[in-house]
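Novice: Kindly generate the corresponding structure for this input.
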Amino acid sequence: MNKTNQTTKVVTGRVRLSYAHLFEPAETPSGEMKYSVMLLIPKSDKETIAKIKAAQEAAVQLGLNKKFGGKRPIELKNNLRDGDEEMDTAERPEFKGVYFMNVSSKTRPGIVDKSLQPIIDSTEVYSGCYAHVSINFFAYNTAGNKGVSAGLNHVQKIADGEYLGGRSRAEDDFDCYEDDEEDLLG
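Specialist: Numbers count the residues shown, from 1 in each chain. Model prediction:
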């Protein structure tokens with residue numbers, strides 16, 4: 001069966017972004033500079049989860065000969081993880097009821113708004129906002145680790161959300177200020 005990247009490519013439903021490094025690359029633990037984001041995928045989004053699992057399997061099939069020597073590995077790593085099982089949801093409530101996955105790219109992703117207009121202001125896309133994300137799955141065999149991961153293609157911001165990590169908006173921290181000369185003179 002001939003498979004193309006269309007079988008390994010997924011455009012998610014509504015996901016929440018966390019640890020967003022989309023406008024400037026950040027250094028990875030291995031020292032590489034990459035654009036990256038963690039996707040928080042609601043478990044209730046059965047369609048996106050099914051597309052991800054199908055794309056992961058397609059990536060495994062594509063990698064059987066090139067990455068796995070023609071044989072499916074017994075222990076195959078997977079970057080789709082369960083927030084309820086792996087995170088302390090009392091301390092990090094954004095992980096309750098979601099799967100999460102990290103995706104990255106060496107090249108800057110395309111970033112657009114709901115109207116498909118490019119977003120150039122880096123403050124518009126942040127950890128906590130909601131988006132559709134285009135990702136592409138691939139098989140890997142690196143230093144004895146065999147598995148499937150996903151690369152970051154593009155991001156479409158679809159809604160604002162509460163900042164993750166305790167950050168607030170400037171508009172929320174201050175009241176309107178009227179410049180009154182008497183106040184300046186004390």
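Novice: alpha carbons only for contacts and neighbour counts from here, please
Specialist: Fine.
Novice: Break down this structure into its helices, ranges please.
Specialist: Ranges of helices in the chain, per DSSP state H, are 5-8, 46-68, 83-86, 170-173, 181-185.
Novice: Out of those helices, which gets nearest to Asp121?
Specialist: Taking C-alpha to C-alpha, helix 170-173 is the member of the helices of the chain nearest to Asp121, at 15.3 Å.
Novice: rewinding a little: need the helices of the chain in TSV with mean neighbour count, can you?
Specialist: Converted to TSV, the helices of the chain look like this (neighbours: other C-alpha atoms under 10 Å):
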stretch	mean neighbour count
helix 5-8	16
helix 46-68	19
helix 83-86	16
helix 170-173	8
helix 181-185	7
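Novice: Save these as CSV, and put in distance to Asn141 and mean pLDDT too.
Specialist: Putting the helices of the chain into CSV (distance: least, C-alpha to C-alpha, whole Å; pLDDT from 0 to 100) gives the following:
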stretch, distance to Asn141, mean pLDDT
helix 5-8, 17, 80
helix 46-68, 6, 94
helix 83-86, 24, 96
helix 170-173, 45, 69
helix 181-185, 66, 57
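Novice: Give me the angle between the longest strand belonging to the chain and helix 46-68.
Specialist: Longest strand in the chain by number of residues (criterion: DSSP state E): strand 145-159. Using axes from the mean of the first three to the mean of the last three C-alpha atoms, to 10 degrees, one finds that strand 145-159 and helix 46-68 are set 150 degrees apart in direction.
Novice: Please point out which parts of strand 145-159 sit buried.
Specialist: Buried residues in strand 145-159, counted by 16 or more other C-alpha atoms under 10 Å: 146-158.
Novice: Stretch 77-93 too?
Specialist: By neighbour count on 16+ other C-alpha under 10 Å, the buried set for stretch 77-93 is Asn79, Leu80, Arg81, Asp82, Gly83, Asp84.
Novice: Okay, and the beta partners of the third one?
Specialist: Taking DSSP bridges, one finds Phe100 as the beta-bridge partners of Arg81.
Novice: Might you report the residue contacts of it?
Specialist: Tyr99, Phe100, Met101 (C-alpha atoms under 8 Å, 6 or more residues apart in numbering).
Novice: okay, it: pLDDT?
Specialist: Note for Arg81: predicted pLDDT of 97.
Novice: Quick check: Pro118 touching Val125?
Specialist: No - in this structure, Pro118 is not within contact of Val125 by C-alpha atoms under 8 Å, at 11.4 Å.
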